[in-house]
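Student: Just a sequence and a predicted model for now, questions to come.
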Amino acid sequence: MERPNDNGTHMRHAQHMRAFVLMTLLCLLATPVAAQSAHCLVAAYPGIVCRVEANTLHFCDGDTLPFDDGQQKNHQDRLTTPDLQDQLHIAYRTSNDVPAVDEEAGRIRYEPFFKKIYGQNKAAVAGQLTKVRWLPSPGRRKVRFSTSAGAAKALSAVSKELAKLPGKFRKYLKTPPQTFVWRKIRKTHRLSAHSFGISLDLGIKWSDYWQWRKPRADGTIKYRNRFPLEIVRIFEKHGFIWGGRWYRFDTMHFEYRPELLIQACRKQ
């Protein structure tokens, strides 16, 4: 037989547990990183992402994705088994500082998010591609880019601004960039951003890539870049990140990631 105060004790315990669970869920979006991440996704994908609440990302069509899987991860874990919070764990830096070790904003991608927005497979992505004129002028070719989330419009705006740059920059731009290719990143099981029609490789002749560099004695990578920042800044203005901002740099790489370029969501 229970003692008279047991029910009260159990009720208080249950109330405390419910409060704890509620606070835990709220804290998932109350921490600066999570709250900022939620704001950035909603702001960057209007009409596509409607809200993030109770650890769930809600698309405007009713579909959902988990926001945080609750696992403790190092940088490699975030690359190989990411969630949405991991994807936004590192703020994008637009200053010209050399990236710190593992500072690679945008290199972490949660594939279900990109498949939802740009297409679940090669055919689905290809069905949303359009042709964007590269540097509008006589004889210039067009490149294929996704129409989803404003990606193609952003690239068109970039192209028009690049066309106004002084002639000394033309050598980096005259060859139309490589864009849509459904493929995995070399030596990984992860899809390249090229698979979603939101990435381009530009100025390959002047590019630098971390795997082409011999590591220092302590294992760190010496940074190198020969690509003009005047070009980079135009891309960034229109929602594209640059692989030259990564510790494991890839200076030919540009990728449409508007959630990382919103003013309040990036490092200065």
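Tutor: Yes, it's here.

Student: How many residues are close by residue 54?
Tutor: 12 (other CB atoms under 10 Å). Backbone N, C-alpha and C define where each C-beta goes, glycine included.

Student: Could you report the separation of it from residue 64?
Tutor: Taking CB to CB, to the nearest Å as the measure, residue 54 falls 10 Å from residue 64.

Student: low pLDDT regions in the stretch 101-250 of the chain?
Tutor: Per-residue confidence for the stretch 101-250 of the chain (pLDDT under 70) gives these ranges: 137-139.

Student: Look up phi and psi at the closest residue to residue 248 other than its chain neighbours.
Tutor: By the measure of CB to CB, 6 or more residues apart in numbering, the closest residue to residue 248 outside its immediate chain neighbours is residue 210, 4.2 Å from it. For residue 210, the backbone dihedrals are phi -60, psi -30 (criterion: degrees, to the nearest 10).

Student: tell me the pLDDT at residue 266?
Tutor: Residue 266 is assigned a predicted lDDT (pLDDT) of 73.

Student: Next up, the contacts around it.
Tutor: 91, 92, 93, 94, 105, 260 (CB atoms under 8 Å, 6 or more residues apart in numbering).

Student: Among those residues, which ones are in strands?
Tutor: Counted as lying in strands by DSSP state E, out of these, are 92, 93.

Student: can you put the contacts of residue 266 in CSV and add neighbour count?
Tutor: Output for the contacts of residue 266, formatted as CSV (neighbours: other CB atoms under 10 Å):
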residue, neighbour count
91, 17
92, 22
93, 17
94, 19
105, 22
260, 26
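
Student: Switch the contacts of residue 266 over to CSV; also include distance to residue 176.
Tutor: Converted to CSV, the contacts of residue 266 look like this (distance: CB to CB, whole Å):
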residue, distance to residue 176
91, 31
92, 26
93, 28
94, 26
105, 27
260, 25
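
Student: Out of the contacts of residue 266, which is nearest to residue 167?
Tutor: residue 94 (25.9 Å; CB to CB).

Student: hang on, the closest one packs against residue 237?
Tutor: No. Counting by CB atoms under 8 Å, residue 94 stays clear of residue 237, with 9.8 Å between them.

Student: Residue 53: neighbouring residues, count only.
Tutor: 14.

Student: center of this protein - which residue?
Tutor: With distances taken as CA atoms, centre = their mean, the residue of the chain nearest its centroid is residue 106 (3.7 Å).

Student: Okay, that residue and residue 257: tell me how far apart.
Tutor: Here the criterion is CB to CB. By it, residue 106 lies 5 Å from residue 257.

Student: shared neighbours, the two?
Tutor: Common neighbours of residue 106 and residue 257, using CB under 8 Å, 6+ apart, are 92, 241.

Student: So what would you say the end-to-end distance of stretch 144-164 is?
Tutor: Criterion CA to CA, to the nearest Å; first-to-last residue distance in stretch 144-164 is 22 Å.

Student: An error on my part: the question was meant for stretch 236-253.
Tutor: Terminal-residue distance, stretch 236-253 (CA to CA): 12 Å.

Student: Okay, helices next: where are they in the stretch 51-200 of the chain?
Tutor: When assigned using DSSP state H, counting those that start in this stretch, the helices of the stretch 51-200 of the chain occupy the ranges 75-80, 84-87, 111-118, 122-126, 151-162, 170-173.
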